[in-house]
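> My questions concern the predicted model and sequence given below.
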Amino acid sequence: MAVNGKVALVTGGAQGIGRAVVRTLLQNSAKVTVVDMNKDSGEGSKTELDKEFGEGNLAFIQCDVRDGAALRDAFQKTVDKFGHLDIVINNAGINNEKNWEKMIEVNLTSVIKGTYLALEHMSKEHGKQGGTIINVSSMAAFLHSPHQPVYTATKHGVIGFTRVMADASIRGDYGVRINALCPGFVDTPLLQSVELEDNMGKFVKFKDDFKHSMNKFGVLQPSFIAEGMMRLVTDSGLNGAVMKITCSKGIHFHTYEPMSV
Ligand SMILES: NC(=O)C1=CN([C@@H]2O[C@H](COP(=O)(O)OP(=O)(O)OC[C@H]3O[C@@H](n4cnc5c(N)ncnc54)[C@H](O)[C@@H]3O)[C@@H](O)[C@H]2O)C=CC1
Ligand SMILES: CCCCC/C=C\C=C\C(=O)C/C=C\C/C=C\CCCC(=O)O
């Protein structure tokens, strides 16, 4: 899929990985809606990106992705403003082992909601023209990040859900590609949460282990994750692929046994 003239919606796009992805989409002449709960960084980012790429290409909608009605409204507003929807990146995520029920809502339930809403606006089943969905998981889904049980569970969940939906899309002829992206450690504000009892709860006592892991595996830059994301968006041969990005191997794909049915 060529990105020029396409319309994208990125959750959690106000900072970190999401912001880098938004910037790359704008560089490639897409129209983009950022859906994020953080008003200050969302508006600040919009001001900067408007200066760089011109006004009218980027919309910011303040929205907590856990609020299903508000998320639905954000999708509708994107279509009302830009005319259609082609690319949805379910990226918003948190690290909070203390409030783990909230983390499941943000990291998994909202990815499911975002995927179903994306299909309503893009699937041929709904009379739409097709598109692509990328759900952000993590290398934690493969390495079972130590002392991070619920974060790890949510990221496993994102992969399972995404792979099944990719298969459903083929069988149902939705015309929508659905992929998961799994970065290793990335230099964003989320990474700093590892130091905080408010985020890690009783697991904060293992913060030195986490830092050791980061030193061992290395920390990626958000722009490199955006590069991987663009490959998933543009390569129409990749439905259902699970992309991994690490310092040691760069951008690569997880391989699975073929399904027996
Ligand atoms: N930073 C890292 O090392 C890695 C991050 N990831 C995943 O990448 C995704 C993005 O993470 P980062 O950019 O690192 O985090 P970040 O904390 O820098 O940015 C996350 C963005 O999501 C927004 N957000 C959080 N909860 C929200 C909610 N309920 N509703 C709407 N917006 C919400 C925040 O306001 C923020 O702008 C997450 O899903 C994360 O789990 C995956 C692997 C590694
Ligand atoms: C384990 C500490 C987590 C701190 C929480 C904040 C950020 C979350 C980060 C991730 O999602 C990534 C987690 C784990 C995988 C890290 C590296 C894998 C690299 C593997 C390799 O290079 O082969």
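Received the coordinates, thanks. Ligands and ions are numbered 1, 2, ... in the order given.
> which ones are touching the residue of the stretch 51-200 of the chain found nearest ligand 1?
Closest residue of the stretch 51-200 of the chain to ligand 1, C-beta to the nearest ligand atom: residue 93 (2.1 Å). The C-beta positions use only the backbone N, C-alpha and C, and glycine is treated the same way. If you count contacts by C-beta atoms under 8 Å, 6 or more residues apart in numbering, residue 93 has them with 12, 106-107, 136, 154, 190.
> In strands, which of those appear?
residue 136 (DSSP state E).
> how about JSON lines for the contacts of residue 93, with pLDDT, distance to residue 129 and neighbour count added?
Shown next, in JSON lines, are the contacts of residue 93 (pLDDT from 0 to 100; distance: C-beta to C-beta, whole Å; neighbours: other C-beta atoms under 10 Å):
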{"residue": "12", "pLDDT": "98", "distance to residue 129": "26", "neighbour count": "26"}
{"residue": "106", "pLDDT": "98", "distance to residue 129": "30", "neighbour count": "22"}
{"residue": "107", "pLDDT": "98", "distance to residue 129": "29", "neighbour count": "27"}
{"residue": "136", "pLDDT": "99", "distance to residue 129": "24", "neighbour count": "26"}
{"residue": "154", "pLDDT": "98", "distance to residue 129": "31", "neighbour count": "26"}
{"residue": "190", "pLDDT": "95", "distance to residue 129": "34", "neighbour count": "17"}
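> Looking at the contacts of residue 93, spot the one nearest residue 53.
Nearest to residue 53 among the contacts of residue 93, counting by C-beta to C-beta, is residue 12 at 19.6 Å.
> gap between the closest one and ligand 1?
Distance of residue 12 to ligand 1, computed by C-beta to the nearest ligand atom, to the nearest Å: 3 Å.
> Quick check: chain neighbours aside, which residue is closest to that residue?
residue 92 (3.1 Å; C-beta to C-beta, 6 or more residues apart in numbering).
> and if you look at residue 198?
residue 98 is the one closest to residue 198 (C-beta to C-beta, 6+ apart), at 6.3 Å.
> Likewise for residue 222?
residue 20 (3.6 Å).
> Which ones among the contacts of residue 93 also lie next to ligand 2?
Restricting the contacts of residue 93 to those touching ligand 2 (C-beta under 6 Å from any ligand atom) yields residue 190.
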